[in-house]
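**Q** got a sequence here, can you model it:
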Amino acid sequence: MPKVVKKIVDRIESFRASWRDMAPDATFAGMTLAQFEVAIAAPLNLRGEIVALERQLEGKKAEKLIVDSAANELLDLVVNSVRGTPGFGQDCALYRAFGYVRKSERKSGLTRKGGTAGLSRDKSGTAVDANAA
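**A** So this is what the prediction gives:
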């Protein structure tokens, strides 16, 4: 029964090692061992290039995080400068165009929450138990 090897790279290595150990001078499929090794070099080299490119991609992702952080700091400097520049400030259209809420558009933040659950207010505004009968 053949040995189950899932990855093509593992199969290539298994074939090459077995051929080298058991029949190094034999010819199979019209190829010698040396010719077979040349023929299987392409998929192995391509996989090596992919690994190198993946490493480069990870490096570029790290670079992107660094330059994004620097750009974010620069954007913060610009918006803070707009806030502090006479004639602009926190209520100007440019500040709004940058994606911020203008000072005149802000709500006060004051909210008046109702009473606790199960309580309602009567006409005089006094809290009464809604479950009382």
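**Q** so how far is Ala62 from Ala70?
**A** As for Ala70, its distance to Ala62 is 13 Å (criterion: C-beta to C-beta, to the nearest Å). C-beta coordinates here come from the backbone N, C-alpha and C atoms, glycine included.
**Q** again, but for Glu37
**A** With C-beta to C-beta as the criterion, Glu37 and Ala62 are 37 Å apart.
**Q** if we can go back for a sec, joint contacts of Ala70 and Ala62?
**A** With contacts taken as C-beta atoms under 8 Å, 6 or more residues apart in numbering, Ala70 and Ala62 have no neighbour in common.
**Q** so where's this structure uncertain?
**A** Low-confidence regions of the chain, defined here as pLDDT under 70, cover residues 1-6, 115-133.
**Q** next up, phi/psi of the most centrally placed residue in it, please.
**A** By C-alpha atoms, centre = their mean, the mean C-alpha position of the chain lies nearest to Lys61, the distance being 9.5 Å. Dihedral angles of Lys61 (phi, psi; degrees, to the nearest 10) stand at phi -60, psi -40.
**Q** in a strand, that's where Arg112 is, yeah?
**A** No - judged by DSSP: H, G, I helix; E, B strand; the rest coil, Arg112 forms no part of a strand; its state is coil.
**Q** ok, so what distance separates Leu65 from Gly59?
**A** On the measure of C-beta to C-beta, Leu65 and Gly59 end up 11 Å apart.
**Q** in the chain, which spans are strands?
**A** Remark: strands assigned in the chain by DSSP state E are 119-121, 127-129.
**Q** mind listing the helices for this structure?
**A** 8-22, 33-39, 41-84, 93-97 (DSSP state H).
**Q** columns distance to Lys113 on top of those helices, output as TSV?
**A** Converted to TSV, those look like this (distance: least, C-beta to C-beta, whole Å):
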stretch	distance to Lys113
helix 8-22	65
helix 33-39	77
helix 41-84	32
helix 93-97	30
